[in-house]
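*Asks:* need coordinates for the below:
(chains A and B)
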There are 2 protein chains.
Amino acid sequence: MPLNVTIIGLDVLGGSLGLALGTLDPSVLTSGRPVITGWDPDSRAVRDARDRLMIDRPAREITEAVADADVVFVNAPPDQIGSTFQQIAPRLKHGAVVSDMGSTKAEVLAMAQRMLPTTVDFIGGNPIVGRSGTLRDAAIEYFKRSIYCLVPSPAARPQSVDTLAALIEAIGAKPYYIDASEHDAYVASVQHLPLILSATLLESVSRSGGWREMEPLAGEPFRIVTQLAATNPAVSSAICASNSTAIAARIDDLIRLLVEIRDNLRNPDQIETIFTHARDIHTQLQAAQPNMRPGEDAYYGIAEEPPSNRGLSGLFFGQRKRPDRGKK
Amino acid sequence: MPLNVTIIGLDVLGGSLGLALGTLDPSVLTSGRPVITGWDPDSRAVRDARDRLMIDRPAREITEAVADADVVFVNAPPDQIGSTFQQIAPRLKHGAVVSDMGSTKAEVLAMAQRMLPTTVDFIGGNPIVGRSGTLRDAAIEYFKRSIYCLVPSPAARPQSVDTLAALIEAIGAKPYYIDASEHDAYVASVQHLPLILSATLLESVSRSGGWREMEPLAGEPFRIVTQLAATNPAVSSAICASNSTAIAARIDDLIRLLVEIRDNLRNPDQIETIFTHARDIHTQLQAAQPNMRPGEDAYYGIAEEPPSNRGLSGLFFGQRKRPDRGKK
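*Replies:* Residues are numbered from 1 along each chain as shown, chains lettered A, B, ... in the order given. Model (predicted):
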């Protein structure tokens, strides 16, 4: 019997998931190619997903969408996951597997425990697929070789975890089991803090006097670092609220280091030590195989694709970098 | 009589300047195509620049390089501009024009006043040319349509300013006259702060426990914002020292806003207001014609090239952004 998989929320992420699952070779999963049901609060998105073959069965109501589901992916904005749980809870099939696709996990696990029936198994999920470009075009490959965090709730049965993990692996992603509080702390550092900082830099600078006059001097380095300010503000604020404790701790760490730098600006050796360490870490990060879980040498035994921003790795700050000719 | 132009420091910036000036159509300047002398502490760089036709006359000694010069460009790292002034001071021709290419101006103007003879005219310079890629290939075009800040010292004669500005315009750049302290404050905001913040984010996160475990979760947003950590640390520390007052003020502004955000993480309306303003500024920045001085509508009467990072402007934060379907 093929699995009934329901996707709540048909944006590029949910659509890509549907496309990847719905186009699987039937031999990949023992249960065959899953049947994909899709729902979105915007009925045009549902039609669009059906027309693009991202879903097999469009649903008109969210309750109708989950009634037959063996696996439900709740792909809602962070501040709407809880209300979605409440809507689907009464209609979930006994033994169904429910997962979310949000970027924080502790809060969502607590909500799942409060709001979902004990007859279903909740496993938090976070696919690390932040990429730019026209993702819809590359939807089938969207999850390929990406890390997919899985945070099973304590009560989740092993076979439910296996069912979800098999779907994740079938679309080419790599399940990465991690504790909820660890996940949230890590994500605060490497996902939420960059987002906040990028917008904060732009906001801070644009608030200062002379923004109009300094704008012509805002070259590529400024445009690069402030790029994430383009993020949907409603999503950013929901992320901040959902992971506030971990984010606050990371902001405090960052402020501490900023104060250290500010107090040593005229102490070049001190500053150079900090920046040298940062550059070394940057070099390691660039050299590291992307999308590799700790300890993982090779997963598919083939070369990993470099991340799309590799081409910018040689970027220097303005005109100030000099070739390494032992000039100093 | 063609001008004798000397370039001290033959990296990609100095080399591009030499190439751009040395390949000018003789009719562009009333004095004809200038004769370019080049010197660098690394004699291989001098040979390389000569072989690539970036300079006409390689110099073995810095004093020899400036002896005949009508215009001297001091393209030294920020912490070596002062010592370079001291070396060239005794040999500068009466009436010579001296300029630097560093990213801060108040300190360099003070050094010029102390170290250079009153018989020469100093005009601080800062070409805004921060770009990635293999710049040597595009060297002749390196300065085309870029803003070139000029900060004449109070004693500089108008004809010296005109001489320098004519060279700047001849290579396609746009002279942008600005006060030294204004320049430094603006540059602290839009050039130095992004650099510091990018490295600080990477350093702060990598110092925290679990860096190895969180590295797999560091996707494109993290890689983008931490990119400038690749900057030469010696250059970064010299920049910090040379513009410490303005940078400290900008760090304090930034910390103030970070504290405001930290204290309101669970207050989505407050956070959303801040991030909405930042996004609006980002949209304005993306829509603005790049390399336009304030009030300048069109300089060459032709369309400006978009900055090379425009393609990333549509970047969203991870998988969290949803299409605008009025879903909220």
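*Asks:* residues in contact with A:G38?
*Replies:* By CB atoms under 8 Å, 6 or more residues apart in numbering or on different chains, A:G38 lies in contact with A:6-7, A:10, A:14, A:18, A:46, A:49-50, A:54-55, A:57-59, A:65. For glycine as for every other residue, the C-beta is placed from the backbone atoms N, C-alpha and C.
*Asks:* which ones among these map onto helices?
*Replies:* In this view, the contacts of A:G38 that belong to helices under DSSP state H are A:14, A:18, A:46, A:49-50, A:65.
*Asks:* with pLDDT, distance to B:L265 and neighbour count added, can I get those in TSV?
*Replies:* Shown next, in TSV, are those (pLDDT from 0 to 100; distance: CB to CB, whole Å; neighbours: other CB atoms under 10 Å in any protein chain shown):
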residue	pLDDT	distance to B:L265	neighbour count
A:G14	90	27	26
A:G18	93	33	28
A:V46	92	34	21
A:A49	89	34	23
A:R50	91	39	17
A:A65	97	33	25
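*Asks:* and which of the residues you listed is nearest B:I247?
*Replies:* A:G14 (44.1 Å; CB to CB).
*Asks:* which residues of the stretch 51-200 of chain A lie near chain B?
*Replies:* A:77-79, A:101, A:103, A:127-133, A:147, A:149, A:176, A:178, A:182, A:185-187, A:189-191, A:193-200 (CB under 8 Å from any CB of the partner chain).
*Asks:* just the buried residues from these, in PyMOL please.
*Replies:* A single PyMOL command selects the buried members of those (16 or more other CB atoms under 10 Å in any protein chain shown):
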select buried, chain A and resi 77+78+79+101+103+127+128+129+130+131+132+147+149+176+178+182+185+186+187+189+190+191+193+194+195+196+197+198+199+200
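*Asks:* okay, and which of the residues of the stretch 51-200 of chain A next to chain B map to helices?
*Replies:* Using DSSP H, those in helices are A:182, A:185-187, A:193-200.
*Asks:* quick revisit: for B:G219, state which of the ones in helices among the contacts of A:G38 is nearest.
*Replies:* For these, the nearest to B:G219 is A:G14 (18.5 Å; CB to CB).
*Asks:* picking up where we left off before, ok, so of the ones in helices among the contacts of A:G38, who is nearest chain B?
*Replies:* A:G14 (9.3 Å; CB to the nearest CB).
*Asks:* run through the residues that contact the closest one.
*Replies:* By CB under 8 Å, 6+ apart, the neighbours of A:G14 are A:7-8, A:38, A:40, A:49, A:73, A:75, A:101.
*Asks:* quick one: the helices in chain A?
*Replies:* Under DSSP H, chain A gives helices at A:12-22, A:43-51, A:62-66, A:81-88, A:106-115, A:158-170, A:180-187, A:193-207, A:211-214, A:220-225, A:233-242, A:244-263, A:268-287.
*Asks:* reformat these as CSV; add distance to B:T231.
*Replies:* Shown next, in CSV, are those (distance: least, CB to CB, whole Å):
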stretch, distance to B:T231
helix A:12-22, 33
helix A:43-51, 43
helix A:62-66, 49
helix A:81-88, 39
helix A:106-115, 36
helix A:158-170, 38
helix A:180-187, 26
helix A:193-207, 16
helix A:211-214, 20
helix A:220-225, 9
helix A:233-242, 27
helix A:244-263, 14
helix A:268-287, 7
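*Asks:* select, out of these, the one closest to B:A287.
*Replies:* Across those, B:A287 has its closest neighbour in helix A:220-225 (12.4 Å, CB to CB).
*Asks:* ok, back up a step: which of the contacts of A:G14 sit farthest apart?
*Replies:* Among those, A:A49 and A:M101 lie farthest apart (CB to CB), at 15.4 Å.
*Asks:* please name the nearest non-neighbouring residue to the residue most central in space within chain A.
*Replies:* The centre of chain A sits closest to A:I128, judged by CA atoms, centre = their mean, with a distance of 4.1 Å. Excluding its sequence neighbours, the residue lying closest to A:I128 (CB to CB, 6 or more residues apart in numbering or on different chains) is A:I147, at 4.5 Å.
*Asks:* who touches the one you found in this structure?
*Replies:* With CB under 8 Å, 6+ apart, A:I147 has these contacts: A:127-128, A:173-174, A:176, A:291, A:293, B:216-217.
*Asks:* at 10 Å what do you get?
*Replies:* A:126-129, A:173-176, A:178, A:290-293, A:296, B:216-217, B:219 (CB atoms under 10 Å, 6 or more residues apart in numbering or on different chains).
*Asks:* A:G102 now?
*Replies:* Contacts of A:G102 (CB under 10 Å, 6+ apart): A:74-81, A:108, A:124-126, A:187, A:238-239, A:242-243, B:319-320.
*Asks:* residue ranges with poor pLDDT in the stretch 101-250 of chain A?
*Replies:* Along the stretch 101-250 of chain A, the parts satisfying pLDDT under 70 run over A:130-139.
*Asks:* please repeat the previous calculation with a cut-off of 50.
*Replies:* Within the stretch 101-250 of chain A, the stretches with pLDDT under 50 are A:132-135, A:137-138.
*Asks:* relative to chain B, how far out is A:P26?
*Replies:* In this structure, A:P26 and chain B are 27 Å apart, going by CB to the nearest CB, to the nearest Å.
*Asks:* gap between that residue and B:Q87?
*Replies:* In this view, A:P26 and B:Q87 are 76 Å apart by CB to CB, to the nearest Å.
*Asks:* equivalent analysis for A:A249, please.
*Replies:* 50 Å.
*Asks:* who has more neighbours out of these two?
*Replies:* B:Q87 (18 against 15; other CB atoms under 10 Å in any protein chain shown).
*Asks:* just give the nearest non-adjacent residue to that one, would you?
*Replies:* B:I62 (5.3 Å).
*Asks:* what's the spacing between that neighbour and chain A?
*Replies:* In terms of CB to the nearest CB, B:I62 sits 13 Å off from chain A.
*Asks:* mind splitting chain A into its structural domains?
*Replies:* Domains of chain A are assigned by automatic domain parsing as A:4-178, A:182-312.
*Asks:* now distance to B:R207 too, for the ones you listed, in CSV please.
*Replies:* Output for the domains of chain A, formatted as CSV (distance: least, CB to CB, whole Å):
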stretch, distance to B:R207
domain A:4-178, 21
domain A:182-312, 7
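*Asks:* quick check: which of these is nearest to B:G209?
*Replies:* Comparing the domains of chain A by CB to CB, domain A:182-312 comes nearest, at 8.7 Å.
*Asks:* and the closest one, how far from the chain's centre?
*Replies:* In terms of CA atoms, centre = their mean, to the nearest Å, the centre of domain A:182-312 is set 15 Å apart from its chain centre.
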